[in-house]
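Novice: Below are the sequence and a predicted model for it; my questions follow.
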Amino acid sequence: MGPGPLLERTPLGGRRVFDSGFGGVLLVTNVNVVNIARWEKNMHKYKDQQHKTGEARVEIKGRTEEPILKLKDKWPHLYDCIDWPRISESSFRMVEELASKAADFASVSSGGRGELYRQAQQDPSVRSIGIRRLFEFVSPNQDLASLSPSYKILDVLGGDGVLSRALKNLVPHSSMPSILTSDLSEGMVAAAQAYGLFAIRQTAQNLFLKDRSMDGVIIAYGTHHIPPNNRIQVCQEAFRVLSPAGHIVLHDFETGSPMSCWFSEVVDRYSITGHQFPHFTAEEIREYLSSAGFADIDIQYMYDPFVVYADSADEAKRKLAAYLLNMYGLTKLVNERGYEESLTLVYDLTCEYFKYDEKSPLFDEHFRHTQVYIGREEEHWYIEAPRVAIVGSGIKPH
Ligand SMILES: C[S@@+](CC[C@H](N)C(=O)[O-])C[C@H]1O[C@@H](n2cnc3c(N)ncnc32)[C@H](O)[C@@H]1O
C-alpha cells in the first residue's frame, strides 16, 4: 500500500488533500481549481522568499560576525553581548538607509570625508587629555584605576576606535577595559577592526546589543550628528544596554560655544560635506538623560584640547594645522588656496576661534590654557589648542 493522502492547510484558508504518490489532487474543499493554481504559485513564491530571507539573514549575520570571529577568543564577553536576532535584513537596511543620509564620514568617493578623518586619527594621542576624562566619567569610581578588562564599555560613535587606541597608551593592561567600538560607517568599522579592535556596525538609534550587557556607554565626539528628534531614543538605547549601576557619558560642544562657531563658520564653509548640525545646551542634555531614566545626572564642562608635539615650534604649528585640515576635511580651502597656504590659514583660524574667556567660571583645575599655546617640554615643542566640551553623565538606577 502506498502512503495515504496528506492534508495541508493552504495559505488561502482552505484545505487541500493531495496524494503523495499516486496521482494529482484528490479532494479539495472550499477551494476551487483556480485557487489551487494560485496557491501553488504563491507557495513557490513564499518558499522562495523564505529561502531568500533565510539566506539574507545568514549573509547579514555573516557580514557582522566574520570580521569579529577572530577577535572572539580575545573578547568572548564582548561577543556574547551581541543580540544576533536584532541583526535582521530590515534592521540592517535601516543601518544602510541612515548611512546613506548621514554620509559625512563615508569615503571621499561617495561624497564623505572618512579617509581624511582617519588620516588625522592615526595619532590617537592628540586628544588624549579629553579622552582620559571621558573614561574617568564612565569608570566605576571616576578613576581610571577602577577600570579592568572585565568592565565592558560601548563606544557608540566609535569611528576608527581612537578612544580605545588612546586609552591603551594611558593605562596599564590591568586597567584596560573591554571596549566595544561601533559606528554607522562601514569604512570606520573596517578601520577599527584593522587596528585589531572589537568593532561592529550599528546605529546609535538601534543598538544590536543585549539588554543590560554593558557597564559603561560613551557617546562622544560627534553627538551633534544625531538628529535632535532621535536624541532621546539614542539615550534610551544606551539605558537599555547598560547594566543597573552602569554609567553613561554624553559629550558634545555647547550651542554658541567657540567650538560650535568653528563648526558652523569654518568647517561648514570649507569642508566638502558642510557642517550644519545643532549642538547641545546643558538643559537639553539633562532632559535627554533624565527622560531615558538615568539618575545622578551631572553636567560639566570638560577641557578637551588638541595637543601636538614636534621638534620645533614651526613644525608643531604645521602639524596641528595638517591635523585639523584632515580631521575636518577642509578640502574646499585646499582647492581655493593650495595646501601650503591652507596650513597657514587653518593655524590662524585656530588661534582666532579656539579662545576662551580667562575669567570664565567654567574653568576648574583641569584647564590649562585659554588660547592657543606654544610650549616646550625638554627637547620637544608642543602646541595646545584649547577646547571646552560639555559632558553629561548619569547612572542607570538599580
Ligand atoms: C566625529 S566622528 C567621531 C569618531 C570617533 N569617536 C573619534 O573621536 O574620532 C563621528 C562618528 O559618528 C558616526 N555616526 C554618526 N551618526 C551615527 C549614528 N546615528 N549611529 C552610529 N554612528 C554614527 C560617524 O560615522 C562618525 O564615525
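Specialist: Great, that's in hand.

Novice: The stretch 51-200 of the chain: helices as residue ranges?
Specialist: For the stretch 51-200 of the chain, the helices defined by DSSP state H, counting those that start in this stretch cover 76-79, 89-101, 114-120, 128-138, 162-168, 186-194.

Novice: Using TSV, lay out these together with mean neighbour count and distance to Lys210.
Specialist: The way it works is simple: take the backbone N, C-alpha and C, and place the C-beta from them, glycine included. As requested, the helices of the stretch 51-200 of the chain are arranged in TSV below (neighbours: other C-beta atoms under 10 Å; distance: least, C-beta to C-beta, whole Å):
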stretch	mean neighbour count	distance to Lys210
helix 76-79	16	11
helix 89-101	14	14
helix 114-120	20	29
helix 128-138	22	19
helix 162-168	23	21
helix 186-194	21	19
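
Novice: Can you give me the neighbour number for the residue in the stretch 251-398 of the chain positioned nearest to the ligand?
Specialist: Ranked by C-beta to the nearest ligand atom, the top residue of the stretch 251-398 of the chain for proximity to the ligand is Met327, at 8.2 Å. Neighbour count for Met327, taken as other C-beta atoms under 10 Å: 20.

Novice: residues touching it, list them.
Specialist: For Met327, the contacting residues are 116-117, 120-121, by C-beta atoms under 8 Å, 6 or more residues apart in numbering.

Novice: Tell me the one of those residues nearest the ligand?
Specialist: Nearest to the ligand among these, counting by C-beta to the nearest ligand atom, is Gln121 at 5.2 Å.

Novice: Quick one: residues contacting the closest one.
Specialist: 159-160, 162, 327.

Novice: pLDDT value on it, please?
Specialist: pLDDT, Gln121: 97.

Novice: how close does the nearest residue to Leu167 once chain neighbours are set aside sit to the ligand?
Specialist: Nearest residue to Leu167 in three dimensions, chain neighbours excluded: Phe135, at 5.7 Å (C-beta to C-beta, 6 or more residues apart in numbering). Going from Phe135 to the ligand by C-beta to the nearest ligand atom, to the nearest Å gives 13 Å.

Novice: same question, His225
Specialist: His225 sits 4 Å away from the ligand, going by C-beta to the nearest ligand atom.

Novice: what's the pLDDT at that residue?
Specialist: Reported pLDDT at His225 in the predicted model: 97.

Novice: That one contacts Ala102, correct?
Specialist: Yes - with contacts counted by C-beta atoms under 8 Å, His225 reaches Ala102, the gap being 6.2 Å.

Novice: ok, now which ones touch Lys396?
Specialist: Counting by C-beta under 8 Å, 6+ apart, Lys396 touches 239, 242-248, 293-295.

Novice: how deep is the closest residue to the ligand within the stretch 1-150 of the chain tucked in, by neighbour count?
Specialist: Residue nearest to the ligand within the stretch 1-150 of the chain (C-beta to the nearest ligand atom): Phe105, separated by 3.7 Å. Counted with other C-beta under 10 Å, the neighbours of Phe105 add up to 26.

Novice: can you give me phi and psi for it?
Specialist: Per-residue torsions, Phe105: phi -100, psi 20 (degrees, to the nearest 10).

Novice: ditto for Ile395
Specialist: The phi/psi pair for Ile395 (degrees, to the nearest 10) reads phi -130, psi 140.

Novice: picking that back up, mind putting the contacts of Lys396 into TSV with secondary structure?
Specialist: As requested, these are arranged in TSV below (DSSP: H, G, I helix; E, B strand; the rest coil):
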residue	secondary structure
Phe239	helix
Leu242	strand
Ser243	strand
Pro244	strand
Ala245	strand
Gly246	strand
His247	strand
Ile248	strand
Gly293	coil
Phe294	coil
Ala295	strand
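
Novice: So which of those residues reach the ligand?
Specialist: On the criterion C-beta under 6 Å from any ligand atom, none of the entries of these sits beside the ligand.

Novice: Would you format these as CSV with distance to Glu265, neighbour count and pLDDT included?
Specialist: Output for those, formatted as CSV (distance: C-beta to C-beta, whole Å; neighbours: other C-beta atoms under 10 Å; pLDDT from 0 to 100):
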residue, distance to Glu265, neighbour count, pLDDT
Phe239, 35, 21, 98
Leu242, 36, 27, 98
Ser243, 42, 15, 98
Pro244, 43, 9, 98
Ala245, 42, 11, 98
Gly246, 38, 25, 98
His247, 34, 24, 98
Ile248, 31, 26, 98
Gly293, 37, 14, 98
Phe294, 33, 24, 98
Ala295, 38, 11, 98
